[in-house]
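In: Okay, sequence plus prediction incoming.
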Amino acid sequence: MLAKICGISVLLLLLVALRQWFALARTSNNRVERIQLSTNDIFLLQQLLPSFKKWSSTDQRIFTDQLGLFLAEVKFQGAWDPKMQFATGISITLATWDVGYINKQDWVLCLQEGDSFYIERNPAIKIQLPTLPIVGNTIHTVLENESIVALKNAISVNF
């Protein structure tokens, strides 16, 4: 009987210690939670990227998770409206699709006059705002879009 009580108490103490450790690790790593896309966001995504509905469910989930992380991590300076931020997030997520996750917590996107922006740490490289909607039947044809390839090349210089 004493062994059972000791075992249960050790288990409870271990659970409390693990919970505290995870909470401390989360705060010390400055990790931000991704933004959960709402139904309206998904509707806008399908308007700006019509082939999104045809992608596999795995690719859709990965894309929405990456887009949510982008929107949570990146800071925007200038007169960005929410639709521009969302469209830029879609394009940058597509441009970094082959690379996988890139931590963007230090990215600050600065909007310029006209239709371009730059990443604050490298203001010499001007990036054109994406042209949306992006038409393509599959994710591979979308990734070969001219504006996505140009954005991919501009972003690769910043790493």
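Out: Alright, I've got the coordinates.
In: Grab the most central residue of this structure for me.
Out: For the chain, the residue nearest the mean C-alpha position is F70 (2.6 Å; C-alpha atoms, centre = their mean).
In: now the closest residue to S51 other than its chain neighbours, what's its secondary structure?
Out: In space, and not counting its chain neighbours, S51 is closest to G136: 5.1 Å by C-beta to C-beta, 6 or more residues apart in numbering. Using the backbone N, CA and C atoms, a C-beta is placed for each residue, glycine as well. Going by DSSP: H, G, I helix; E, B strand; the rest coil, the secondary structure assigned to G136 is coil.
In: What strands line up against the longest strand belonging to the chain, and which way round?
Out: The single longest strand within the chain, with elements called by DSSP state E, is strand 122-128. Sheet pairing of strand 122-128 (DSSP bridges) gives strand 116-119 (antiparallel).
In: Export the partner strand to CSV, keeping only CA atoms.
Out: C-alpha atoms of strand 116-119 as CSV (Å, rounded to 0.1, in the frame of the first residue of the first chain):
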residue,chain,number,x,y,z
SER,A,116,7.7,46.9,-53.1
PHE,A,117,9.0,46.1,-49.7
TYR,A,118,12.3,45.1,-48.1
ILE,A,119,13.4,43.1,-45.1
